[in-house]
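# Build the 3D model from these lines:
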Amino acid sequence: MVLSDIPNSHQLVPKVPHPAHNIYNGQLLQPEAVEVDGPHTTTSACQACLDELWKPSDKLSQYTLANGLWIGCIPWQLQVLTFPEQLLIVHLYPHVFVFKLFPKCQGGTCQASGLQNAMHGNVSTCDMSMDGISAMLRGDLMPR
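So this is what the prediction gives:
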């Protein structure tokens, strides 16, 4: 969809601009969804987002980045954390993990090398005790 064809595009304009915002034609959009081809700039959007934008309203759509959903880019150091490292820095402790590994099948044959390419399951969380984490790191407390 061409940026000028987005309905109610005023809903995509951030009220408080941030220097790291990706602004296209005055609209705050996710850069992965925008394609710039010379003078033409297009974007893709899911049907739920388009349905919200088609509604005539001055109220911001619940799905827009301009409605407080923009959190910025995830730093590389956080993108490459291992699972145990993630557990040490989270504010909520995952209490239950359910992992389901399945083979990757192509053309009717399943390859064992594709077994660890996906995780699937449900997770419950509870508050982390930062004092307890500090005590564990110092060696004063053993994990459960």
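
# On the three-state scheme, residue 78 is what?
Here residue 78 is recorded as helix under DSSP: H, G, I helix; E, B strand; the rest coil.

# how many neighbours does residue 61 have?
Counted by other Cβ atoms under 10 Å, the residues lying close to residue 61 total 20. C-betas here are computed from N, CA, C, even on glycine.

# For stretch 24-43, give the mean pLDDT please.
For stretch 24-43, the mean per-residue pLDDT is 82.

# neighbouring contacts of it?
Applying Cβ atoms under 8 Å, 6 or more residues apart in numbering, the contact partners of stretch 24-43 are 1-4, 6, 9, 12-14, 21-23, 44-45, 64-66, 70.

# Figure out how far that stretch is from the centre of its chain.
19 Å (Cα atoms, centre = their mean, to the nearest Å).

# Hmm, residue 135 and residue 141 touching each other?
Yes - assessed by Cβ atoms under 8 Å, residue 141 is found in contact with residue 135 at 3.8 Å.

# Show me the shaky parts of this structure.
92-128, 142-144 (pLDDT under 70).

# returning to that earlier point: could you turn the buried ones of the contacts of stretch 24-43 into a PyMOL selection?
Under the burial definition 16 or more other Cβ atoms under 10 Å, those of the contacts of stretch 24-43 that qualify are selected in PyMOL by:
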select buried, resi 3+6+12+14+21+22+45+64+65+66+70
